[in-house]
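K.L.:
what follows is a predicted protein model with its sequence.
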Amino acid sequence: MDQAEQLLKDVFGYTSFRDGQKQLITQTLDGKHSLGIMPTGGGKSLCYQIPALLLDGITLVISPLISLMKDQVDALNQSGIPATYLNSTVDRFEMEFRIQEIRSKKVKLVYLAPERLENESFLQMIQKVPVSFVTVDEAHCISQWGHDFRPSYLGIGNMIKRLPRRPVISALTATATVQVRQDILQILQIPIENTVITSFQRPNLRFSVLHDQHKIDFIESYIKRHPKQSGIIYCSTRKEVDSLYQYLMEQGYLVGRYHAGMGENQREQAQEAFSYDRIPIIIATNAFGMGINKHNVRYIIHFNLPKNIENYYQEAGRAGRDGEESECILLYQGKDMHIQRYLIEQSELSEERKELEFEKLQLMNQYCFTQTCLQNTIIKYFDDPIEQPCGKCHNCLAKQKSSAQDFTIEAQKMFSCIHRMKERFGLSMVAKVLKGSKSKKVLKLGFDKLTTYGILQDYTEKDLQQLGLVLQAEGYLESYTPYDGYLPVIKLTEKAIQVIKGERNVYLQPLQAASQSNWSQYTIHTQRPMILDRLDDLRKEFSNEEKLPPYMILSDATLRAIADQIPQDQTELLSITGMTQHKNSKYGSRILTVTTSFVTERKKKAQNKTPERPKDSNPSHLVSFELFQSGKSIKEIASIRNLSANTIEDHLIRCHSEGYVMTWDKLIPEKYQDIILQTIQSLGASRLKPIKEALPDEVTYFQIKAVIAKAQLKDGAKLNSQ
């Protein structure tokens with residue numbers, strides 16, 4: 001394992017393994033077949049790339065997506081690792097050349113689509129090559145219950161039988177229910193004890209479900225607030241992709257689109273432009289699938305309701321693959337549920353499969369109305385042990401802003417109405433009866449004679465339906481599909497019976513919490529320091545020279561670490577995660593030119609104690625700075641300027657980040673400066689609360705942020721939003 005750890009550092013630029021990686025690599029090197037379930041961005045590729053370099057023969061990587069193969073091979077070759085791929089994009093002459101390279105053992109990893117296993121000439125060739133390791137990527141495709149079943153995957157077993165000796169097998173996927181795991185283990189003959197499941201939780205992702213937004217207005221507003229960020233907007237249909245793409249283009253935004261109705265060349269050009277950061281945003285159907293290996297996607301917006309949680313987590317998981325803070329936003333409207341039901345009904349699936357898909361869709365809908373932690377709701381779906389609430393999703397933040405309200409009486413009335421309607425109708429009809437609707441159907445069925453008719457008439461039918469959906473998501477109601485149709489019917493659970501009997505109370509967040517117009521106060525703010533923009537421009541130069549996507553040159557996480565630490569020599573640069581010897585030899589000197597010149601500029605700027613400015617054009621933060629330098633306290637400045645103390649503090653932090661000399665000593669007593677700095681270094685500067693709790697009560701948050709800014713341990717602008 002020492003060799004594996006050395007490769008991790010020298011070739012891939014990481015100092016330690018992530019959860020699950022070491023166990024999977026050890027099992028492979030010990031000759032054990034394995035199944036690895038790890039979230040998107042969890043580092044699955046290293047689980048086969050490192051063993052491939054240590055085993056004697058070649059490694060076959062069976063992958064369902066051509067785009068993913070090319071990205072992986074380009075990234076490996078960029079790191080000096082010999083790899084190739086065989087798929088339908090390779091012409092006959094190039095194919096012969098690559099096969100000759102495989103025969104002569106000039107490559108260590110060979111990526112291929114499962115359909116290649118049905119090619120007799122390939123099977124004959126591969127028998128003459130020492131295959132020591134076979135990795136099945138996106139292994140959920142093996143199972144008919146996986147969301148992207150690929151029958152060609154079943155040919156893996158036949159190929160292995162034809163090899164002179166049985167290779168080690170590793171199956172990897174990001175999302176797999178219990179049924180899918182069982183299928184993978186059985187088909188690939190992997191012992192169940194060799195299954196490695198890491199937490200499905202993605203702590204760097206923040207999930208939100210927003211109801212009844214004007215979707216296009218929301219997206220335009222979001223793009224304006226995040227102009228330099230890369231994002232994917234998923235739509236359910238080609239028509240919606242084209243419509244949104246056309247609108248944003250007409251408004252002057254740089255966007256691309258991707259769906260199955262476009263020509264192959266059009267799709268390839270769109271994906272390449274997105275991968276190379278030529279366009280920051282792409283609008284797509286789920287045809288823009290698993291092969292998206294772009295690591296610096298900062299947000300995923302679902303314009304419509306996905307058909308199941310597996311699809312949603314796969315798609316949302318394409319944000320933040322580099323570990324940086326990213327957002328996953330789902331825009332919900334009730335009509336989206338009807339569209340998805342229609343698509344299932346019109347599909348050519350068997351009746352058994354349709355029933356399963358309806359159940360999955362219902363769980364997806366419940367996700368949109370749950371009031372518990374959104375991330376926990378997802379990982380519970382995959383039978384992962386629930387951890388503490390994430391504390392950052394829309395539901396967790398909403399609970400911090402407002403306390404739950406008692407809805408026991410409303411719930412009892414609704415449950416009683418459902419009972420009197422014999423549990424034979426959906427929420428729409430229940431809402432009409434509770435509201436006291438005079439619709440023809442309500443009157444024809446005699447529901448106006450029920451004692452529950454009109455007992456919640458102060459609510460709108462829409463609010464009553466939402467209340468019912470929330471109660472369903474919280475486990476008080478459940479839906480089932482009667483044998484004679486596909487429209488779901490609501491029935492009571494044991495929890496609801498307890499409420500009717502007065503044995504349980506119902507406490508819920510306000511019904512409109514999910515559609516508050518002040519949602520933007522929760523958004524991740526991402527102000528960028530000037531040096532990060534310079535490093536980003538340099539990375540684009542490297543990208544153009546190497547003809548590789550920028551994230552393959554240096555990840556956003558590595559770029560931000562360089563911006564935070566501002567290395568001044570080779571030793572400091574090599575200490576940054578992601579900077580390997582190989583990358584340092586290619587890019588190091590030019591990176592150091594940027595960082596050293598930035599420090600020189602800042603020192604020159606700091607020599608001017610009083611900033612120069614045109615008369616009567618002083619920016620707001622500099623006005624606060626001058627008042628602070630003149631001896632005014634933050635409280636006094638806030639009173640003079642009629643601004644909040646927090647705003648004044650932000651002004652001062654910004655001035656310091658711009659290089660102005662600050663008189664910190666009068667703000668932070670000398671006896672506290674060292675202890676604050678030591679505490680920050682011990683706990684890390686990513687969250688202020690634990691730092692504050694570890695310090696004396698009289699130390700303020702602003703004093704902590706001031707020390708962080710002065711020591712340049714973390715981007716102060718980012719900390720302001722913690």
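P.N.:
Alright, I've got the coordinates.
K.L.:
ok so residue 172 is a strand residue?
P.N.:
Yes - looking at residue 172 with DSSP: H, G, I helix; E, B strand; the rest coil, it is inside a strand.
K.L.:
quick one, what contacts it?
P.N.:
35-36, 38, 44, 47-48, 135-139 (C-beta atoms under 8 Å, 6 or more residues apart in numbering). C-beta here means a position set from N, CA and C on the backbone, and glycine is covered the same way.
K.L.:
most neighbours out of those residues, which is it?
P.N.:
residue 139 (32 neighbours; other C-beta atoms under 10 Å).
K.L.:
what's the local residue count around residue 550?
P.N.:
25.
K.L.:
mind listing what it touches?
P.N.:
Residues counted as contacts of residue 550 (C-beta under 8 Å, 6+ apart) are 276-277, 296, 536, 539-540, 542-543.
K.L.:
pLDDT wise, what is it at?
P.N.:
We have a pLDDT of 89 for residue 550.
K.L.:
and the gap between it and residue 322?
P.N.:
Going from residue 550 to residue 322 by C-beta to C-beta, to the nearest Å gives 12 Å.
K.L.:
what's the answer for residue 74, then?
P.N.:
Taken as C-beta to C-beta, the span from residue 74 to residue 322 is 17 Å.
K.L.:
low-confidence stretches in this protein?
P.N.:
Counting by pLDDT under 70, the ranges of the chain that qualify are 1, 67, 147-148, 289-292, 482-486, 511-528, 606-618, 656-673, 681-689, 709-722.
K.L.:
quick check: domain ranges of it?
P.N.:
The chain resolves into domains spanning 2-197, 205-392, 405-508, 530-606, 620-719 when parsed by automatic domain parsing.
K.L.:
need the overlap of contacts for residue 550 and residue 322.
P.N.:
Here residue 550 and residue 322 have residue 296 as joint contacts, going by C-beta under 8 Å, 6+ apart.
K.L.:
picking up where we left off before, for the domains of the chain, which one sits closest to residue 399?
P.N.:
Between residue 399 and the domains of the chain, the tightest spacing by C-beta to C-beta is seen for domain 205-392, at 8.0 Å.
K.L.:
what's the first-to-last distance across the closest one?
P.N.:
8 Å (C-alpha to C-alpha, to the nearest Å).
K.L.:
just how off-centre is it within its chain?
P.N.:
Distance of domain 205-392 from the chain centroid (C-alpha atoms, centre = their mean, to the nearest Å) equals 10 Å.
K.L.:
my read: residue 499 touches residue 410, true?
P.N.:
No - between residue 499 and residue 410 there is no contact under C-beta atoms under 8 Å: 10.4 Å.
K.L.:
intersection of neighbour lists for those two?
P.N.:
Common contacts of residue 499 and residue 410 (C-beta under 8 Å, 6+ apart): residue 506.
K.L.:
next, the buried residues of stretch 568-576.
P.N.:
By 16 or more other C-beta atoms under 10 Å, the buried positions in stretch 568-576 come out as 573, 576.
K.L.:
should've said stretch 441-454
P.N.:
For stretch 441-454, burial by neighbour count (16+ other C-beta under 10 Å) applies to 442, 445, 447, 450, 452-453.
K.L.:
just stretch 14-32 next, same as before
P.N.:
Within stretch 14-32, the residues that count as buried by 16+ other C-beta under 10 Å are 14, 17-18, 20-29, 32.
K.L.:
ok, and what's touching it?
P.N.:
Contact with stretch 14-32 is made by 1, 4-5, 8-9, 34, 36, 38, 42-43, 46-48, 50-51, 54-55, 133, 168, 170, 191, 194, 196-199, 577-578, as judged by C-beta under 8 Å, 6+ apart.
K.L.:
isn't residue 233 right next to residue 303, touching?
P.N.:
Yes - Residue 233 lies in contact with residue 303 (C-beta under 8 Å); the separation is 5.8 Å.
K.L.:
more neighbours: which of these two?
P.N.:
For residue 233 versus residue 303, neighbours defined as other C-beta under 10 Å are more numerous around residue 233 (26 against 22).
K.L.:
how about that one, phi and psi?
P.N.:
Dihedral pair for residue 233: phi -110, psi 120, per degrees, to the nearest 10.
K.L.:
and the gap between it and residue 407?
P.N.:
Note on residue 233: its distance to residue 407, by C-beta to C-beta, is 34 Å.
K.L.:
what of residue 349?
P.N.:
With distances taken as C-beta to C-beta, residue 349 is found 38 Å from residue 407.
K.L.:
re earlier: from the buried residues of stretch 441-454, which single one is nearest residue 255?
P.N.:
Closest to residue 255, out of all of the buried residues of stretch 441-454 and judged by C-beta to C-beta, is residue 442, at 46.1 Å.
K.L.:
list the contacts of the closest residue in space to the closest one that isn't next to it in sequence.
P.N.:
Among residues not flanking residue 442 along the chain, residue 432 sits closest, at 5.3 Å (C-beta to C-beta, 6 or more residues apart in numbering). By C-beta under 8 Å, 6+ apart, the contact set of residue 432 is 439, 441-442, 447, 461.
K.L.:
and of those residues, the nearest to residue 283?
P.N.:
Ranked by distance to residue 283 (C-beta to C-beta), the contacts of residue 432 are led by residue 461 at 33.2 Å.
K.L.:
before I go, just wanted to say thanks for your time.
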